[in-house]
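Novice: Build me a structure from this.
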Amino acid sequence: MVCLLLGIGAGQAANELIRPVYEARTQLFVATRTGAGTAELNQGQSFSQARVQSYAAIVATRQVTEPVVRELGLRTTPEQLASRITAEVPLNTVLINITVRDTSPLSAARIANAVAARFGTVVEQLETPKQAAEPAPSPPAGDPAAEADPAPAPVSPVSLGITERASVPSAPVSPRHLLNLAAGLIGGLLLGAGVVALRETLDTTLKTSEALSELIALPVLGSIPFDKDATKQPLATGAAKHSTRAEAFRKLRTNLQFAQVDDRPRVIVVTSPVPGEGKTNTAANLALSLAEAGIVTCLVDADLRRPCVARTFGLVQNAGLTTVLIGQARIEEVMQQAGSRLSVLTSGAVPPNPTELLSSDRMGELLRELAGRYEAVIVDTAPLLPVADTVGLAPLAQGALLVVRASKTGRDQVRSAAESLSQVGVRTLGTVFSMAPLNKGKGYGYGNYGELPAPRPSGRRKEAAEPAVTHLAGEK
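Specialist: Residues are numbered from 1 along each chain as shown. Here you go, the predicted model:
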């Protein structure tokens, strides 16, 4: 649209800036002086048609333009005037059309008539035979015969007559407003198409989950749609529990469970190639979704560079993973609850050596201890490419999820991240395509939510059937 508007603006600017040019036209007829016989008339017609093209080439010569400039007192040179004069000969005719262009309509008509008159004179002079134009020798004095019969004056075999004098034009021939606007419109469209093609050529980001799957040959376990409210409400709970985004996390949970039926991993690392791809939101909502399904889950914030889990859940950050790793507290002393089946181990204080802590033997022991206590352990880690934290931590887990943001992460970045996990022997379970464009269709075809309503139990059965996954900020 910007290129289209620029093109139209350029066309309108051309209409405003170009000075109007007027065009005056005159016409001449080339005749041959012959006898009245039919044969002589035919010969004269053939002679005129044969030479009329050559006459047209003389119109813009200096012999014509220089006298016209002098006669009309024009403020231009003969060469400049010649560039504004054109002559054409209609096919199989003895007519010559002379056209003159000028910024003044009156001046264009005056110049065209003056050029036509001078042109006729020049052609007749050129066609006058030289031998006839040479003066005859003086007769002897006293010769009565010579005095009685003087030599005939030289006569040109052709004559040019003006059949149509130039009139003052009423409208300019340039600029052509509609033509310039149309040219600007077409130019803007072509420029826009070129920009789009160039952008698509230079853009190496992934637009669809299919492209992601083809690039690194890993299954896409979930496609999380973009939600403008995710920044304010990152957790798909409360009113957002029945949103399309929440349903996408449930689908991710289901795909993850069915993808590894024979050897289901308990400790799963969630990472991404670069920052800002939604890995923390994915890890947090995946853990909530697992707990919602009745799976006792633990979420560990192992991103010791920019920890975000505590802020996401509204929990205490100062005591957590690093506190346990350095031996200042036990796991149960710093573990916080975010629901009846979801426990969160925040990052703790940010250490000066996160890579060494995360790849240490103590970290491996902690993960094995958590795997013995919980059915699923989701570990949020740092991005793969900027730092080496995840490369040292991932081999201690039983699987990894790679989060890739739609239309942001480059192909080379995704490929490098997948190769980094593969080189250290990490079992990559699949990928998550985050912030994908949301389909225009609303819902899933079953009302506002894609599941059938659960029956309403009563008494103690009701309490057991509806476990509350509440958000208890700061509870330990």
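
Novice: Quick check, central residue of the chain?
Specialist: residue 196 (2.5 Å; Cα atoms, centre = their mean).

Novice: In terms of pLDDT, where does that residue sit?
Specialist: With respect to pLDDT, residue 196 scores 89.

Novice: And the helix or strand hosting it, how far out from the chain middle?
Specialist: Using DSSP states H and E, residue 196 falls within helix 177-202. When distances are taken as Cα atoms, centre = their mean, to the nearest Å, helix 177-202 is centred 10 Å away from the chain's centroid.

Novice: Go through it and flag the buried ones.
Specialist: 180, 181, 183, 184, 187, 188, 191, 192 (16 or more other Cβ atoms under 10 Å). All C-beta spots, glycine's among them, are computed from the backbone N, C-alpha and C.

Novice: what's the answer for stretch 220-232, then?
Specialist: Quick answer for stretch 220-232 (16+ other Cβ under 10 Å): 220, 221, 222, 223, 224, 225, 227, 230.

Novice: Please list all residues in contact with the last one.
Specialist: Think residue 230. Each residue near residue 230 by Cβ atoms under 8 Å, 6 or more residues apart in numbering is listed here: 245, 278, 281.

Novice: Could you point out which residue ranges in the stretch 351-476 of the chain have low pLDDT?
Specialist: 439-476 (pLDDT under 70).

Novice: mind running it again at 50?
Specialist: 441-476 (pLDDT under 50).

Novice: now swap in the stretch 51-200 of the chain and tell me
Specialist: Ranges of the stretch 51-200 of the chain meeting pLDDT under 50: 132-133.

Novice: can you give me the strands in this structure?
Specialist: Here the chain has its strands, by DSSP state E, at 22-32, 85-88, 95-102, 158-164, 220-225, 267-271, 297-301, 336-337, 342-345, 376-380, 399-405, 428-436.

Novice: Partner strands of the shortest one, with direction?
Specialist: Counting by DSSP bridges, the strands paired with strand 336-337 are strand 342-345 (antiparallel).

Novice: Residue 163: what's it in contact with?
Specialist: So, once contact is read as Cβ under 8 Å, 6+ apart, residue 163 ends up touching 27, 28, 29, 95.

Novice: ok, of these, which come out buried?
Specialist: Applying 16+ other Cβ under 10 Å to the contacts of residue 163 flags 27, 28, 29 as buried.

Novice: Pull the contacting residues for residue 71.
Specialist: Contacts of residue 71 by Cβ under 8 Å, 6+ apart are 114, 118.

Novice: State the distance from it to residue 120.
Specialist: Distance check for residue 71 against residue 120: by Cβ to Cβ, to the nearest Å, it reads 14 Å.

Novice: and the strands of the chain as JSON lines, adding distance to residue 329?
Specialist: Below are these laid out as JSON lines (distance: least, Cβ to Cβ, whole Å):
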{"stretch": "strand 22-32", "distance to residue 329": "94"}
{"stretch": "strand 85-88", "distance to residue 329": "96"}
{"stretch": "strand 95-102", "distance to residue 329": "93"}
{"stretch": "strand 158-164", "distance to residue 329": "108"}
{"stretch": "strand 220-225", "distance to residue 329": "34"}
{"stretch": "strand 267-271", "distance to residue 329": "21"}
{"stretch": "strand 297-301", "distance to residue 329": "15"}
{"stretch": "strand 336-337", "distance to residue 329": "12"}
{"stretch": "strand 342-345", "distance to residue 329": "11"}
{"stretch": "strand 376-380", "distance to residue 329": "18"}
{"stretch": "strand 399-405", "distance to residue 329": "27"}
{"stretch": "strand 428-436", "distance to residue 329": "31"}
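
Novice: Which one of those strands lies nearest to residue 77?
Specialist: strand 85-88 (13.0 Å; Cβ to Cβ).

Novice: and the gap between residue 418 and residue 307?
Specialist: 25 Å.

Novice: oh, I was asking about residue 364
Specialist: 20 Å.

Novice: Between those two, tell me which one has more neighbours.
Specialist: residue 307 (23 against 15; other Cβ atoms under 10 Å).

Novice: Which residue is the nearest non-sequential neighbour of that one?
Specialist: Using Cβ to Cβ, 6 or more residues apart in numbering and skipping the chain neighbours, the partner closest in space to residue 307 is residue 347 (3.5 Å).

Novice: The one you found and residue 310 touch, don't they?
Specialist: Yes - using Cβ atoms under 8 Å, residue 347 is in contact with residue 310, at 6.8 Å.

Novice: what residues do these two have in common as contacts?
Specialist: With Cβ under 8 Å, 6+ apart, residue 347 and residue 310 have common neighbours 301, 317, 320.
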